[in-house]
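Participant: coords please:
(one chain, ligands or ions: 2)
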Amino acid sequence: MMIDNYYIMQEIVTTELREHLKGERLKIALEVNTLIRRKMSDILVKHGFLEIPPVIFSSVTDPLNHPVYDPTFEYEGSRYSLTKSMIFHKQMIVQEIPKIYTFSPNVRLETADKAKSGRHLLEFTQLDLEMLNASREDAMKLGEELIKGAIEEVVKKLPDKLAILNRKLRVPETPFKTYRYTEAKEKYGDDFEQKLSELEVDPFWIIDIPLKEREFYDREKDDEKGILRDMDLMYPEGFNEAISGGEREYEIERIKERVLAKGQTFEQFKWFLDYAEEGLQLSSGFGIGIERLVRYICGFKRIEDVHPFPKTPGKFSI
Ligand code: ASP
Ligand code: MG
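Facilitator: Ligands and ions are numbered 1, 2, ... in the order given. Below is the predicted model of the structure:
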């Protein structure tokens, strides 16, 4: 890029950003952000979870199941990636500390087409947690408590702010409705997630996601080959994905089989596989995208509106 163009672009983006920072919408979003982080932390601490600091870069990170650019750098002769998710660190520490959570900054350099979704930022925070000897159903129950707790807290403490945004927010009943992935896809077609999200009025689960749709680390069912003991939580009103998680593969032979089935190498996940080789116990967990939750609560079309310094896929940002 020509250096002049670069400076002009910086100027345009900065001018827009200054207006955004002055806005009432952002201020309310940040109040929601502050309130729900505290509420969800309180719920987790009450259940005996310990907060761990985030991992910002690592030699092994989440391979994800969709293509993103991979920001890596070399330091003192070793190669590192910026964290896409702390999945392997979670699975490791939970063996010693049985309930952990973290507010994890993730960098996922999504392709430019994702800008249209209204829910992708290149840099975001997830409330990422893991629990030992817990089933998918235990994790789902906790996920419902956290999402319902966050919504209820905002409805109770910030009704005037929701009114300014013209947002009518329902406190959902638990347990949330559950759809099996394959059945939902058969009934509603390839775009079933968005369709269901537009039809539903409360958050709902999609469970039993097929192996090829996910990373290698979610556990395959013993009684149903190719289907995983995992789940996504979806927001209603078209807001789409809220949570991703599942039970984890913990037996080394099964982990290795799954790595190879993805066309990945043992080399890519070396320290994790070495650790798993010594024997892991079952764990379950999930991540809640914080900006997505704030966006849903505020009822904003664009996720950029909840972040003071949003990074949109395909766009220059300061
Ligand atoms: N944090 C994971 C992710 O970003 C979700 C999980 O815990 O499975 O995909
Ligand atoms: Mg995942």
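Participant: quick one, what contacts the residue in the stretch 51-200 of the chain that ligand 1 sits nearest to?
Facilitator: Residue nearest to ligand 1 within the stretch 51-200 of the chain: S85 (3.4 Å; CB to the nearest ligand atom). For the C-beta atoms, the positions are set from N, CA and C on the backbone; glycine is no exception. Contact analysis of S85 by CB atoms under 8 Å, 6 or more residues apart in numbering lists 61-62, 64, 104, 106, 126, 128, 287.
Participant: what about it, distance to D218?
Facilitator: 12 Å (CB to CB, to the nearest Å).
Participant: How far off centre is stretch 13-20?
Facilitator: Remark: stretch 13-20 is offset 27 Å from the chain centroid, using CA atoms, centre = their mean, to the nearest Å.
Participant: before we move on, what about stretch 244-260?
Facilitator: So, by CA atoms, centre = their mean, the centroid of stretch 244-260 is 19 Å from its chain's centroid.
Participant: is that stretch anywhere near ligand 1?
Facilitator: Yes. For stretch 244-260, a contact with ligand 1 is found by CB under 6 Å from any ligand atom, at 244-246.
Participant: tell me which residues of that stretch are tucked away?
Facilitator: For stretch 244-260, the neighbour count (16 or more other CB atoms under 10 Å) marks 244-250, 252, 255-256, 258-259 as buried.
Participant: Columns pLDDT on top of these, output as CSV?
Facilitator: Below are these laid out as CSV (pLDDT from 0 to 100):
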residue, pLDDT
S244, 98
G245, 98
G246, 98
E247, 98
R248, 98
E249, 98
Y250, 98
I252, 98
I255, 98
K256, 98
R258, 98
V259, 98
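Participant: Mind checking which of those are in strands?
Facilitator: Applying DSSP state E to these, the entries found in strands are 244-247.
Participant: got the residues of the protein near ligand 1?
Facilitator: Proximity of the chain to ligand 1, by CB under 6 Å from any ligand atom, involves residues 62, 85, 87, 126, 128, 244-246, 285-287.
Participant: try 5 Å
Facilitator: Neighbours of ligand 1 within the chain, by CB under 5 Å from any ligand atom: 85, 128, 244-245, 285-287.
Participant: circling back: relative to I164, how far out is the residue of the stretch 51-200 of the chain closest to ligand 1?
Facilitator: On the measure of CB to CB, S85 and I164 end up 34 Å apart.
Participant: Just give me how far stretch 282-289 sits from the chain centre.
Facilitator: Put simply, stretch 282-289 sits 9 Å off its chain's centre (CA atoms, centre = their mean).
Participant: bridging residues for the residue nearest to P71 when sequence neighbours are not counted?
Facilitator: Nearest residue to P71 in three dimensions, chain neighbours excluded: L82, at 4.9 Å (CB to CB, 6 or more residues apart in numbering). For L82, the beta-bridge partners are F57 (DSSP bridges).
Participant: Please tell me I have it right and L82 contacts V107.
Facilitator: Yes. Counting by CB atoms under 8 Å, V107 is a contact partner of L82 at 4.1 Å.
Participant: what sits in contact with each of the two?
Facilitator: Common contacts of L82 and V107 (CB under 8 Å, 6+ apart): P71.
Participant: buried residues in the helix-or-strand element of the chain with minimal mean pLDDT?
Facilitator: None of the helices or strands of the chain scores lower by mean pLDDT, DSSP states H and E than helix 3-22, at a mean of 90. For helix 3-22, burial by neighbour count (16+ other CB under 10 Å) applies to H20.
Participant: what angle separates the helix or strand following that helix from helix 3-22?
Facilitator: Remark: after helix 3-22, the chain's next helix or strand is helix 24-46, criterion DSSP states H and E. Going by axes from the mean of the first three to the mean of the last three CA atoms, to 10 degrees, helix 24-46 is angled at 70 degrees with respect to helix 3-22.
Participant: Okay, buried residues for helix 24-46 please.
Facilitator: By neighbour count on 16+ other CB under 10 Å, the buried set for helix 24-46 is 26, 28-29, 31-33, 35-37, 39-41, 43-44.
Participant: What of stretch 266-279?
Facilitator: Applying 16+ other CB under 10 Å to stretch 266-279 flags 269, 272-273, 275-276 as buried.
Participant: In helices, which of these appear?
Facilitator: Judged by DSSP state H, the buried residues of stretch 266-279 include 272-273, 275-276 as members of helices.
Participant: Can you show me the helices along the stretch 101-250 of the chain?
Facilitator: Counting by DSSP state H, counting those that start in this stretch, the stretch 101-250 of the chain has helices at residues 136-157, 159-164, 181-188, 192-199.
Participant: For E19, which residues are in contact?
Facilitator: The neighbourhood of E19, defined by CB under 8 Å, 6+ apart, contains no residues.
Participant: V55 is in contact with I87, isn't it?
Facilitator: No. Contact criterion CB under 8 Å: V55 and I87 do not qualify, at 10.5 Å.
Participant: Compare the two and say which is more crowded by neighbours.
Facilitator: Counted by other CB atoms under 10 Å, V55 and I87 do not tie: I87 has more neighbours, with 25 against 19.
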